[in-house]
Every structure is written in C-alpha cells, then in structure tokens.
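Enquirer: Output the structure for:
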Amino acid sequence: MEVFDRSPTDKELVSQAKVLCRDYIHSRLIRVGIGWSKPEYSAPFPGGKLAEVSSILLRLGDELEHIRPNLYRNIARQLNISLHSETVVTDAFLAVAAQIFTAGITWGKVASLYAVAAGLAVDCVRHAQPAMVHTIVDCLGEFVRKTLVTWLKRRGGWADITKCVVNTDPSLRSHWLVAAVCSFGHFLKAIFFVLLPER
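Expert: Next comes the predicted model:
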C-alpha cells in the first residue's frame, strides 16, 4: 500500500517534513546563489506525490516571501542570535515556530515555518556554518512531531496541501491574486449593470 493511499504514521509524517524542509532549503540556497548538497532521501516516496507537495509548499512560500520579503531574510539578525551555537539556533527557531502557531494551524503558517527555516539556513551557510542546516532540518522535524502531527493526520497527511491550490501552473494567468482581481472586476461590472437605472 502506498504511503499516500492510507493514513500516514507519525514517523512517516516527520520523515516527510524533513524531506520537504531539505527541498525548501536547497531551493532557497540555489536561489541566492549558494551551493549546498542535500542528502539523498532515506526512503523513496512513491508516485511523485511528495514532489508535488514540495512544489506547492515552495509556491506558497514564494507568495509569502513576495508579500513580506524582509520578514524571511536575515533571520539571525532579526532574532539577534549568534549562529555558532547549535543550542541558540535551535532555541530561537523553536521560539519562532511556537509563535507562528499560537493562534492555530493553517497551511499558510506551515509555509511560513518552512520559509523561516530556509531563511535561517541561508544565514547559517553565509556565515560559514553549513552544518547548522542539518540542525535546522532536525529541529523542524521535531517541531512537526510535537506540534503538527495530529493536525496533519486529521487531514490525511502532507498531500492535503494540494487542495490549497487550484492549478499548479506557475504562470501569471494562474496566479491567485490575478484571479481574485479579475473575479472582483467581473463582480463590479455585474453590479454596475444590475444597478444601472433603466431609461
């Protein structure tokens, strides 16, 4: 039976969270022009479903980073932490993670968690602390285990994020904001004609 065809176990959800985190961080490091070799996955994920989840998570993160670019850059400086101590980095990340989810759990907040992890990882690599990236991935996995696993299980696992988007085509025509603006424009036009007095 495929992992995505049944209710995933806690261990599978955490393992998948870490794979997604490595993918997200790798993508962000490449985007800023920094090379980092991500380790191979410990277990294959059938059907490419995790690849689709990763792609959607990256797109949601792109949206967040586009809306609030300064929030997801220079994380270490914003937190005023040294990147030389694993304990300091772990404690700071967990504090931010806890703060993100104080008012509940949503896929947007999950994407924000990954964006923070990637921003912190970029800082670590830029400050000659690439080993800290693995610490961040493990820390995110532990946070998922303690805080998000129950929520993820109720939704059937990570694949539920695919319901957050209608179309995975990243072109401008499928951009959710463009679609919302166009829909609102059609709504206004309809209201105008309905309210237009007859002569």
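Enquirer: can you pull the contacts of the nearest residue to V133 once chain neighbours are set aside?
Expert: Residue nearest to V133 in three dimensions, not counting chain neighbours: A121, with 4.7 Å by CB to CB, 6 or more residues apart in numbering. Where you see a C-beta, it was placed from the backbone N, CA and C, and this is true even at glycine. Contact partners of A121, counting by CB atoms under 8 Å, 6 or more residues apart in numbering, are 25, 28-29, 132-133, 136.
Enquirer: what's the pLDDT at the most centrally placed residue in the chain?
Expert: Closest to where the C-alpha atoms of the chain average out (CA atoms, centre = their mean) is A111, at 2.6 Å. Confidence at A111, expressed as pLDDT, is 96.
Enquirer: roughly how far apart are it and D160?
Expert: 13 Å (CB to CB, to the nearest Å).
Enquirer: same question, A95
Expert: Taken as CB to CB, the span from A95 to D160 is 27 Å.
Enquirer: excluding its backbone neighbours, what's nearest F101?
Expert: K109 (5.8 Å).
Enquirer: quick revisit: phi and psi next, for the residue nearest to the centre of the chain.
Expert: Main-chain torsions, A111, degrees, to the nearest 10: phi -60, psi -40.
Enquirer: was I right about it contacting L57?
Expert: Yes - the pair A111 / L57 is scored as a contact, 5.9 Å apart, by CB atoms under 8 Å.
Enquirer: re earlier: need the residues touching each of A111 and D160.
Expert: With CB under 8 Å, 6+ apart as the test, A111 and D160 reach no residue in common.
Enquirer: thinking again about what came up before, in the host helix or strand of the residue nearest to V133, what counts as buried?
Expert: Using DSSP states H and E, A121 maps to helix 107-126. Under the neighbour-count criterion of 16 or more other CB atoms under 10 Å, helix 107-126 has 107, 109-125 buried.
Enquirer: Please state the offset of that helix from the chain centre?
Expert: 8 Å (CA atoms, centre = their mean, to the nearest Å).
Enquirer: now swap in stretch 66-75 and tell me
Expert: 13 Å.
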